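**Q** The following block contains a protein sequence and its predicted model.
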Amino acid sequence: MSHAESLPSSRPIPVSYNTQAIDLGELFTTLWRQKYLIAGIALAVTAMAAVYAFTATPQYRTKTFLRPPSIKDLDALNQTGVYTLNPEESLRRVGAALNSYEVHKSYFDKHQEQFSGIDSGDLKQAFERFNSEAFRVIQPSTKIGDNLTTFVGLEMTYPETVEGHLILNGIVQEAIKSERKQIQDDLNSVIDNSLNTLERKMGIARASYEADKDSTIAKISESDVLKRAQLQDELRAVRTELRDRRESRITQLNESIHIARELGIVKPTTPTAMGQGNGVSQGNVFRAEVFNEQFPLHFMGTEALGAERNALLARKSDDHASPRISEIKKELQLLDQNRQIERLKSRKNDDLFLNTLVDMRAEKTRLEHINRDLSELVLVKVDQQAIKPNQPIKPNKLLILILGIFGGGVLGIFVALIRGIVLNRSASHYELSTGKVLIGQSTIQ
């Protein structure tokens, strides 16, 4: 055999690599060779999971549910007539208070000892973190329109070191007290504002009444003054008229007396009698004379005319000559004391004469007698109080251990596979480099 023919027998067997094919047998063999590594990693991860499961602080969860009150529970408030609240609105307001930071902080300030187990550091900072993470308001789904599902709940997650059910029930009561106090303040404010408004209206009504009364008195007084002046003017005019009539009568009498003297008429007579002279008729004679004009005064004779003239000259007042003067004097006397003005000024309680004050005073009395004590007002019904749960929600020890075992096994297999790939590549490079050396040596020979 020649030297060239003997070369192939001295070369190493070439290795063929296919990156697309996986030899399961070789894979299992590789993992089996590293079974202790896989088991070690799995045990280590499981141990860490167990340490966490048995050392982590257990977390508990409790919840409470509130439902709307009955109508009769709110009847005392709604009967006031100044403040109304329906059951749904009452529940909504308490639900908003449950989620209020101020309510949580108020309860924390009053019961800090109940929060002492949440953290070993600054209690206030610990409460801030706890408050932002521990509470969750529960409400029915908006897609459900059944009134039977109307409720508000509050859920709380807390560590084992805290009596969470006591805190949650306390916060519920704090929220109810807070809303009750807010309603109490609103009711007091509404009543006080209504009373103040009524007082202002009553004051305005009284001022208006006083103004009307003063105006009425002024109008009556002015009317009396005007009427008195008119009556006095009328009285002077009537007296002047009577005086003029008297003076005219005196002048008329003087003329008639002068005529009567000229005619020698002393006693009353008639024109017919004067025409007969001193003749006397036999028997009884009756004369009837008709005058188309006023009977001349001079026929009354000087005696009668003079007597009348002297009486008129001696008269000091003509008031008796006219009935109107008596009427004027009576009216003036009545005007001296106006009884209407006297009664208006003598009123001691003007409120009795104010019709508009009747309803206002009745409303004021009603508002003043409203019972403002809402300490017994039921805003919600506690359908389920928070209770202390028997089991924590986390950590779930069994689940953590199972996950630890599974995760440790997966991690061990992954590490074993990586280690196997690295070792195989190293071995392949070594074999290739060794094969090249052998081939070179054979060629030289």
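**A** Sure thing, it's come through. Numbering: from 1, shown residues only.

**Q** Need the residues that contact stretch 27-39.
**A** Applying CB atoms under 8 Å, 6 or more residues apart in numbering, the external contacts of stretch 27-39 come out as 409, 412-413, 415-417, 419-420, 424. C-beta: built from backbone N, CA, C; applies to glycine.

**Q** And it, how far out from the chain middle?
**A** A distance of 78 Å separates the centroid of the chain from that of stretch 27-39, by CA atoms, centre = their mean, to the nearest Å.

**Q** go on, stretch 328-343?
**A** 56 Å.

**Q** Adjust the sequence numbering to begin at 15 for everything that follows.
**A** Sure, I'll start counting at 15 from here, so that last one is stretch 342-357.

**Q** Show me the contact partners of that stretch.
**A** Stretch 342-357 is touched from outside by 231, 234-235, 238, 241-242, 245-246, 248-249, 252, with contacts defined as CB under 8 Å, 6+ apart.

**Q** taking the residues you listed one by one, which sit in helices?
**A** Under the assignment DSSP state H, those contribute 231, 234-235, 238, 241-242, 245-246, 248-249, 252 to helices.

**Q** From these, list just the buried residues.
**A** 231, 238, 245, 249, 252 (16 or more other CB atoms under 10 Å).

**Q** Turn these into TSV, columns for distance to residue 176 and pLDDT.
**A** What follows is these, written out as TSV (distance: CB to CB, whole Å; pLDDT from 0 to 100):
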residue	distance to residue 176	pLDDT
231	79	89
238	90	90
245	100	91
249	105	91
252	110	92
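
**Q** Closest to residue 104 out of those?
**A** Proximity of these to residue 104 was ranked by CB to CB; the top entry is residue 231 with 56.2 Å.

**Q** That closest one touches residue 358, doesn't it?
**A** Yes. Counting by CB atoms under 8 Å, residue 358 is a contact partner of residue 231 at 5.6 Å.

**Q** sorry, back to before: just the closest of the ones in helices among the contacts of stretch 342-357 to residue 371, please.
**A** Using CB to CB, those come closest to residue 371 at residue 231, 20.2 Å.

**Q** List the residues that contact that closest one.
**A** Taking CB under 8 Å, 6+ apart, we find residue 231 in contact with 355, 358-359.

**Q** Rebuild those as JSON lines, extending it with distance to residue 280 and secondary structure.
**A** Formatted as JSON lines, the contacts of residue 231 follow (distance: CB to CB, whole Å; DSSP: H, G, I helix; E, B strand; the rest coil):
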{"residue": "355", "distance to residue 280": "62", "secondary structure": "helix"}
{"residue": "358", "distance to residue 280": "67", "secondary structure": "helix"}
{"residue": "359", "distance to residue 280": "67", "secondary structure": "helix"}
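
**Q** Filter these down to the buried ones.
**A** Among the contacts of residue 231, those that count as buried by neighbour count (16+ other CB under 10 Å) are residue 358.

**Q** Out of the contacts of residue 231, flag the one nearest to residue 318.
**A** Proximity of the contacts of residue 231 to residue 318 (CB to CB) peaks at residue 355, which lies at 53.5 Å.

**Q** in stretch 42-61, what counts as buried?
**A** Residues 44-45, 48, 52, 55-56, 59-60 are the ones in stretch 42-61 that count as buried (16+ other CB under 10 Å).
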